[in-house]
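Undergrad: no FASTA, just this:
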């Protein structure tokens with residue numbers, strides 16, 4: 001990671017810049033995880049009910 005912003009950088013300043021950059025990265029990851037869109041609930045592709053899926057659909061089993 002490049003942290004110098006011009007001129008001479010002391011060790012203490014470098015550590016401070018590195019820590020601030022790390023906090024920005026961690027905060028950005030947490031924020032990105034919080035912004036994940038929610039998925040729609042699973043539903044049956046036979047009768048479109050959210051109570052079950054097509055594999056366990058009573059309509060499908062009744063026709064078999």
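TA: Noted; the coordinates are in hand. Because the structure is predicted, anything quoted here is derived from the model rather than measured.
Undergrad: Every contact and neighbour count from this point should use C-alpha atoms.
TA: OK.
Undergrad: What helix or strand is residue 23 located in?
TA: Using DSSP states H and E, the element containing residue 23 is helix 11-34.
Undergrad: Could you identify the helix or strand that succeeds that helix?
TA: That would be, after helix 11-34 and using DSSP H and E, helix 58-63.
Undergrad: how distant is that following helix from the center of its chain?
TA: A distance of 37 Å separates the centroid of the chain from that of helix 58-63, by Cα atoms, centre = their mean, to the nearest Å.
Undergrad: again, but for stretch 41-50
TA: 25 Å.
Undergrad: same deal with stretch 53-64?
TA: That offset, for stretch 53-64, works out to 34 Å (Cα atoms, centre = their mean).
Undergrad: list the buried ones in it?
TA: Neighbour-count burial for stretch 53-64, counted by 16 or more other Cα atoms under 10 Å, picks out 53, 54, 57.
Undergrad: can you pull the contacts of the last one?
TA: Contacts here follow Cα atoms under 8 Å, 6 or more residues apart in numbering; on that basis residue 57 touches 44, 46, 47.
Undergrad: How about the first one?
TA: The contact partners of residue 53, taken as Cα under 8 Å, 6+ apart, are 42, 43, 44, 45.
Undergrad: can you rerun that using 7 Å?
TA: Residues near residue 53 by Cα atoms under 7 Å, 6 or more residues apart in numbering: 43, 44, 45.
Undergrad: Dump these into TSV; add pLDDT and neighbour count as well.
TA: Formatted as TSV, those follow (pLDDT from 0 to 100; neighbours: other Cα atoms under 10 Å):
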residue	pLDDT	neighbour count
43	94	14
44	94	15
45	93	13
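Undergrad: and which of those residues is nearest to residue 36?
TA: Distances from residue 36 to the contacts of residue 53, taken as Cα to Cα, are shortest for residue 43 (20.9 Å).
Undergrad: For the closest one, give its distance to residue 17.
TA: Going from residue 43 to residue 17 by Cα to Cα, to the nearest Å gives 49 Å.
Undergrad: What of residue 37?
TA: Distance from residue 37 to residue 17, by Cα to Cα: 33 Å.
Undergrad: same question, residue 54
TA: In terms of Cα to Cα, residue 54 sits 55 Å off from residue 17.
Undergrad: Same check on residue 58?
TA: Distance, residue 58 to residue 17, by Cα to Cα: 62 Å.
Undergrad: That concludes my questions; thank you for your assistance.
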